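Participant: Can you look at this prediction? I've put the sequence above it.
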Amino acid sequence: MDTEGDPSITFEKDGTCNYCNYALGRMNDVYFPNEEGKKKLNQMILKLKTEGENRKYDCIMGISGGLDSAYLAYLGAKKLELKILGVHVDDGFDSPIALRNISNLCNNCDIELITVSPDKVQFMNLTRSFLLAGVPGICIPQDNVLVAELFRIADQHKIKYFLSGTNFALESILQRGNMHNGYDLVHINNIQNIYGTTAIDKLHLLSLFDRYIKYKYFRRQRYIRPLDWIDYNRDRAITELKTVGFNYYEGKHYESVLTRFLQVYYMPKKFNIDIRKSHISSLIISGQMTREEALMEMQKPLYKDDKMEEDIELILSNLKISRSEFEKIMASPPKKHTDYRTSLLMHLGPVAIKYRRFLSD
């Protein structure tokens with residue numbers, strides 16, 4: 001971890017940073033790769049199966065074709081025998097390997113899958129607006145729509161429990177100094193009003209209130225993070241998943257062409273940010289990689305030129321952006337999310353800090 005591209009990072013005299021110290025300080029409170037975790041997991045299974053005894057589904061979860069959601073689906077359906085309703089949002093950026101992974105996983109683990117597609121014209125136009133805005137979080141529309149569809153389908157089927165692949169072992173460190181909350185609908189609407197050429201009224205989108213108040217407290221829907229109650233090891237998970245036809249794709253969140261582009265091209269070139277530092281630092285925190293191994297990993301190239309060119313062509317085609325326009329976007333000065341309107345909740349000083357911690361829950 002270093003100061004490049006993230007104004008919120010600070011260092012102690014011993015060279016450790018606030019991200020790593022925060023992760024280490026909370027690890028024993030949230031990550032239980034031990035007997036205590038096994039007890040928590042068993043209690044969760046009993047609760048879901050008891051409440052779901054006369055229901056078609058025990059729980060719902062999003063399945064992206066990525067490692068974390070795939071292993072959670074495999075663990076939940078194959079090993080724990082939960083009745084899972086899987087939801088996949090096909091937004092036009094799925095990689096071929098992700099689609100194969102989803103199909104193999106659901107077929108081999110007997111998971112019923114619902115695939116939904118947001119309105120293509122409006123979704124692509126909104127994503128285009130974020131790219132034109134020059135902000136780091138160009139995947140905010142993707143993230144928001146995915147969770148909005150998940151909540152919508154859970155409502156339809158009256159499902160209370162969500163299985164989340166979010167986990168401490170591989171995600172204890174996530175750079176936040178240059179990103180923005182994906183449920184800030186004020187921010188989303190402002191960027192679309194400036195750069196968009198269509199309405200976005202056909203898209204299911206969540207506000208901060210919807211995500212953290214309406215569903216969490218009024219609807220009493222609950223997120224459960226089972227991967228925090230097991231010894232979740234990346235390499236072991238990849239090996240286990242091969243038994244159900246899952247093939248890994250070289251990097252975290254590379255299942256989506258858009259997120260892969262964000263991480264290995266857009267962020268490094270426009271903002272001088274290499275997100276691998278966060279991902280690899282998380283592996284160090286959970287004891288899955290040494291710092292020496294991490295430094296060697298960082299020497300590898302971010303991408304292969306020919307493969308990235310394919311990704312860029314797909315993205316520009318979907319977003320209806322010319323190559324010359326794209327080059328101007330990449331060459332223009334980077335913008336911050338706070339250069340645009342944001343929700344008042346994100347501007348309340350110390351209260352906002354407390355609120356952001358609550359929002360990250």
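Facilitator: Great, that's in hand. Numbering: from 1, shown residues only.
Participant: remind me which residues of this structure are low pLDDT?
Facilitator: Low-confidence segments of the chain, defined by pLDDT under 70: 218, 251-253, 347-361.
Participant: Ramachandran coordinates for the spatially most central residue of it?
Facilitator: In the chain, the C-alpha nearest the mean C-alpha coordinate belongs to residue 143, at 6.8 Å (C-alpha atoms, centre = their mean). The phi and psi torsions at residue 143 (degrees, to the nearest 10) take the values phi -60, psi -40.
Participant: what does residue 222 give?
Facilitator: phi -130, psi 130.
Participant: which non-adjacent residue is nearest it?
Facilitator: Excluding the flanking residues, the one nearest residue 222 by C-beta to C-beta, 6 or more residues apart in numbering is residue 161, at 5.4 Å. C-betas here are computed from N, CA, C, even on glycine.
Participant: mind listing the helices for the stretch 51-200 of the chain?
Facilitator: Using DSSP state H, counting those that start in this stretch, the helices found in the stretch 51-200 of the chain span residues 67-73, 96-109, 120-133, 140-157, 168-171, 185-195.
Participant: Residue 60: which of the ones you listed is closest?
Facilitator: Of all the helices of the stretch 51-200 of the chain, it is helix 140-157 that lies closest to residue 60, at 5.0 Å by C-beta to C-beta.
Participant: That closest one vs helix 185-195, what angle?
Facilitator: Angle between the axes of helix 140-157 and helix 185-195 is 130 degrees (criterion: axes from the mean of the first three to the mean of the last three C-alpha atoms, to 10 degrees).
Participant: rewinding a little: burial count for the residue nearest to residue 222?
Facilitator: Burial measure for residue 161: 20 neighbouring residues, criterion other C-beta atoms under 10 Å.
Participant: Unless I misread the structure, residue 8 falls within a helix.
Facilitator: No - remark: residue 8 does not belong to a helix; assigned using DSSP: H, G, I helix; E, B strand; the rest coil, it is coil.
Participant: That one: neighbour count?
Facilitator: Residue 8 has 12 neighbours, counted by other C-beta under 10 Å.
Participant: list the contacts for it?
Facilitator: 18, 175-177 (C-beta atoms under 8 Å, 6 or more residues apart in numbering).
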